[in-house]
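**Student:** need a 3D model of the sequence below.
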Amino acid sequence: MFSYCTDPSTLSGLTWLSCYLTTGKHLAFYGSFGTVMLLLVITAPAALTFGFLGAMAARSHIAPLRWIGKVYTAMVRGIPDIAFFLFVPIALDQGLEYLRHRWKCPDWGEAVRQGNDFVVCAEAKLPLSTSPQWVHESYGFTLAVLAFAFVFGAFAANVLHGAMQAVPRAQMETAEAYGMTRRQSFWRILVPQMWVFALPGLSNLWQILVKATPLLFLLGIEDIVYWARELGGVQTARFTDYPHGDWRMYYFLGLLVFYLLLTWVSEKGFARLMTRLSHGQATMAGEAQRKAAA
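**Tutor:** Just a heads-up that it's a prediction; the model follows:
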């Protein structure tokens with residue numbers, strides 16, 4: 001990046017370090033922090049949507065929907081997360097490719113399953129081999145987001161279902177007495193009030209989601225863990241212009257600081273949100289606010 005970085009062998013001290021920290025791989029490492037934040041920004045509302053739909057299904061008076069909601073939460077909560085993180089992207093990828101294969105190559109004579117291999121015609125591959133690199137990366141990232149949203153959506157569904165149950169039944173009975181329909185009382189009475197009961201569980205779920213982001217490394221995405229391992233490992237002069245020993249401790253120490261700062265900021269944000277939502281509510285926090293105001 002700097003003009004004096006032309007010949008790294010002549011550098012030393014801070015000039016060597018400034019050139020080392022601005023190589024192309026390090027810029028990719030810095031960009032991978034944005035990848036993690038993008039994952040969180042997209043996954044959080046997606047998981048909340050999955051969770052809300054799951055909670056509504058679990059409360060449904062229609063038996064099949066209620067069974068689907070309960071099975072979804074019970075199944076995901078009862079199986080190790082890593083199994084779903086590895087299963088969902090593979091299942092989605094192969095499922096989409098199989099549908100495209102049946103559509104684009106109806107005359108294909110070979111079996112799709114050939115031992116341990118999953119073989120489809122070239123036109124059905126996702127993405128196509130001729131697609132640019134950013135398409136491949138975006139596709140893999142999208143599958144990862146869906147996997148995270150599916151898993152954490154089940155936990156969110158359990159939290160939201162409990163929060164809906166925590167809203168006093170008298171509130172719903174009063175709404176019905178005023179002539180509201182079941183749908184009106186649900187959206188106007190239950191949903192606005194449930195968030196104050198759901199927020200503690202959702203904040204914990206957010207912290208777990210933050211800690212789970214290194215699993216991107218297992219899904220083949222070049223995230224901060226991937227680059228910390230690659231850049232921190234021993235680099236010899238034969239393969240790089242900036243040789244060094246095993247510096248993984250320093251890179252992973254940087255990741256530790258990053259995650260601690262992120263969780264600290266998250267805690268402060270959730271605390272302010274909890275204070276805002278508790279205002280006027282018949283909860284311990286709301287009662288404390290009323291006494292403080294008096």
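**Student:** check the secondary structure at Ser131 for me.
**Tutor:** Classification of Ser131 using DSSP: H, G, I helix; E, B strand; the rest coil returns coil.
**Student:** what about Ala149, neighbour count?
**Tutor:** 23 (other CB atoms under 10 Å). C-beta: built from backbone N, CA, C; applies to glycine.
**Student:** surely it and Phe52 touch.
**Tutor:** No - here Ala149 does not reach Phe52: they are 11.9 Å apart, not a contact under CB atoms under 8 Å.
**Student:** all helices of the stretch 101-250 of the chain, in order?
**Tutor:** Applying DSSP state H, counting those that start in this stretch to the stretch 101-250 of the chain gives helices spanning 133-166, 169-177, 182-185, 191-212, 224-232, 248-278.
**Student:** redo these as a markdown table? Include mean pLDDT and distance to Arg77.
**Tutor:** Listed next are those as a markdown table, based on pLDDT from 0 to 100; distance: least, CB to CB, whole Å:
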| stretch | mean pLDDT | distance to Arg77 |
| --- | --- | --- |
| helix 133-166 | 89 | 6 |
| helix 169-177 | 84 | 26 |
| helix 182-185 | 86 | 28 |
| helix 191-212 | 90 | 12 |
| helix 224-232 | 90 | 25 |
| helix 248-278 | 90 | 22 |
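**Student:** go through those helices and name the closest to His101.
**Tutor:** helix 133-166 (16.6 Å; CB to CB).
**Student:** buried residues in that closest one, which are they?
**Tutor:** Buried residues in helix 133-166, defined by neighbour count with 16 or more other CB atoms under 10 Å: 139-141, 143-161, 163-164.
**Student:** stretch 3-18 too?
**Tutor:** Residues of stretch 3-18 classed as buried by neighbour count (16+ other CB under 10 Å): Cys5, Pro8, Leu11, Trp16.
**Student:** how many residues are close by Thr43?
**Tutor:** Neighbours of Thr43 (other CB under 10 Å): 24.
**Student:** which residues touch the nearest residue in space to it that is not next to it in sequence?
**Tutor:** Leaving aside its chain neighbours, Thr43 sits nearest to Phe148 (4.5 Å; criterion: CB to CB, 6 or more residues apart in numbering). Counting by CB atoms under 8 Å, 6 or more residues apart in numbering, Phe148 touches Leu39, Thr43, Ala46, Ala47, Phe85, Leu209, Ala212.
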